[in-house]
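**Student:** turn this into a model:
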Amino acid sequence: MENINSNFNKKVKAACNKKEDLFDSSILKYIFRSALAGIFLTLTTLAGLIAADHLSGLSPVMAKPAFAGIFAIGLCYVLFLNAELATGNMMFLTAGVYNKYISLKKAIIILLVCTLGNLIGAYLVSFVTSLTSAINAFDANSFLTSLVSAKLDKTSMDILFAGLLANVFVNLAVLSFVLVENQAFKGFLIMSAVFMFVYIGLEHVVANFGLFSLVQFSGNMKENFTLANVLRQWIFAFLGNYLGGGICIGLLYAWLNDTKSKFVD
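**Tutor:** Numbers count the residues shown, from 1 in each chain. Below you'll find the predicted structure:
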């Protein structure tokens, strides 16, 4: 049952209506909005990777927090500038299906198209980067190359559950964006949640789109960088992200607010 006093339900309903309207009005424009999310995250990935390599020269332990700190800014761009991110949509669309704000079929189609748009955006940034001298920052010993190689060495179950945890963090950030009123505090909560999942080394499929496309265009691929292994990594990260964002956050909060109680989110 829909609790009309729930701010969470109101935000989910508005988000589902907006996404469905954008999608039905122009699939092409929806793909471009999705591509923007991939672009924003890959741009901050690029800056974070270069910072990681520079600061690792001072101390190796500085590489990871430098990368995580700069990458975290990317989700602020996505949320404040109305881009469409698949991992955030997992929460909104799942809660929307539960509350019958959107059909299951339409939710699945929108999610898959959004994911494709995110991938296009990531590869577009990486291609443009390959046409600049910035790509020269990455070699066989760079933070990017070792990071991607380590991701591809993980087992599928490791990727799945690391993906689950990553999207719990990301959707805590998204929830903070929609439920917290203070704009400055929103930014802090978004960046802190993203910083933590990146610093821990968890798996976010759209972030990995950017990482893997950058290493591909840099030409510094390890032996484990094969099409089959990359697709395996993306698929299990996507599934884990859905479990974390769609089930652990989206479905859980939809169920918690499916109540007659006045104490709702």
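
**Student:** helix or strand next in line after the helix or strand where residue 228 lies, which one?
**Tutor:** Using DSSP states H and E, residue 228 sits in helix 227-241. Sequence-wise, the next helix or strand downstream of helix 227-241 (DSSP H and E) is helix 252-256.

**Student:** which parts of the helix holding residue 228 are buried?
**Tutor:** Across helix 227-241, burial judged by 16 or more other C-beta atoms under 10 Å covers 230, 232, 233, 234, 236, 237, 238, 239, 240, 241. C-beta coordinates here come from the backbone N, C-alpha and C atoms, glycine included.

**Student:** just stretch 247-259 next, same as before
**Tutor:** Residues of stretch 247-259 classed as buried: 247, 248, 249, 250, 251, 253, 254, 257 (neighbour count, 16+ other C-beta under 10 Å).

**Student:** among these, find the lowest-pLDDT one for me.
**Tutor:** Among the buried residues of stretch 247-259, residue 257 has the lowest pLDDT, at 91.

**Student:** grab the nearest non-local neighbour of that residue.
**Tutor:** residue 6 (4.2 Å; C-beta to C-beta, 6 or more residues apart in numbering).

**Student:** ok, now which ones touch that neighbour?
**Tutor:** 257, 264, 265 (C-beta atoms under 8 Å, 6 or more residues apart in numbering).

**Student:** next: residue 207.
**Tutor:** Residues in contact with residue 207 (C-beta under 8 Å, 6+ apart) are 41, 45, 71, 198.

**Student:** let's go with 7 Å and repeat that
**Tutor:** 41, 45 (C-beta atoms under 7 Å, 6 or more residues apart in numbering).

**Student:** dump the helix or strand hosting it to PDB, restricted to CA.
**Tutor:** Using DSSP H and E, residue 207 falls within helix 205-218. What follows is helix 205-218, C-alpha atoms only, in PDB (Å, rounded to 0.1, in the frame of the first residue of the first chain):
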ATOM      1  CA  VAL A 205      29.900  -1.300 -13.000                       C
ATOM      2  CA  VAL A 206      29.700   2.200 -14.400                       C
ATOM      3  CA  ALA A 207      33.000   3.200 -12.700                       C
ATOM      4  CA  ASN A 208      34.500   0.100 -14.200                       C
ATOM      5  CA  PHE A 209      33.300   1.100 -17.700                       C
ATOM      6  CA  GLY A 210      35.500   4.200 -17.400                       C
ATOM      7  CA  LEU A 211      38.500   2.300 -15.900                       C
ATOM      8  CA  PHE A 212      38.500  -0.500 -18.500                       C
ATOM      9  CA  SER A 213      38.000   1.800 -21.400                       C
ATOM     10  CA  LEU A 214      40.800   4.100 -20.300                       C
ATOM     11  CA  VAL A 215      43.200   1.200 -19.900                       C
ATOM     12  CA  GLN A 216      42.100  -0.200 -23.300                       C
ATOM     13  CA  PHE A 217      42.900   3.100 -25.100                       C
ATOM     14  CA  SER A 218      46.100   3.500 -23.200                       C
END
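
**Student:** same question for that helix, mean pLDDT?
**Tutor:** The model assigns helix 205-218 a mean pLDDT of 97.

**Student:** try stretch 41-52
**Tutor:** 97.

**Student:** put the alpha carbons of it into CSV.
**Tutor:** Taking Å, rounded to 0.1, in the frame of the first residue of the first chain, the C-alpha atoms of stretch 41-52 are listed here in CSV:
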residue,chain,number,x,y,z
LEU,A,41,32.3,9.6,-13.8
THR,A,42,35.0,8.9,-16.4
LEU,A,43,36.2,12.5,-16.4
THR,A,44,36.6,12.4,-12.6
THR,A,45,38.1,8.9,-12.9
LEU,A,46,40.7,10.3,-15.3
ALA,A,47,41.6,13.1,-13.0
GLY,A,48,41.8,10.8,-10.0
LEU,A,49,44.0,8.3,-11.7
ILE,A,50,46.5,11.0,-12.7
ALA,A,51,46.5,12.4,-9.2
ALA,A,52,47.1,9.0,-7.8
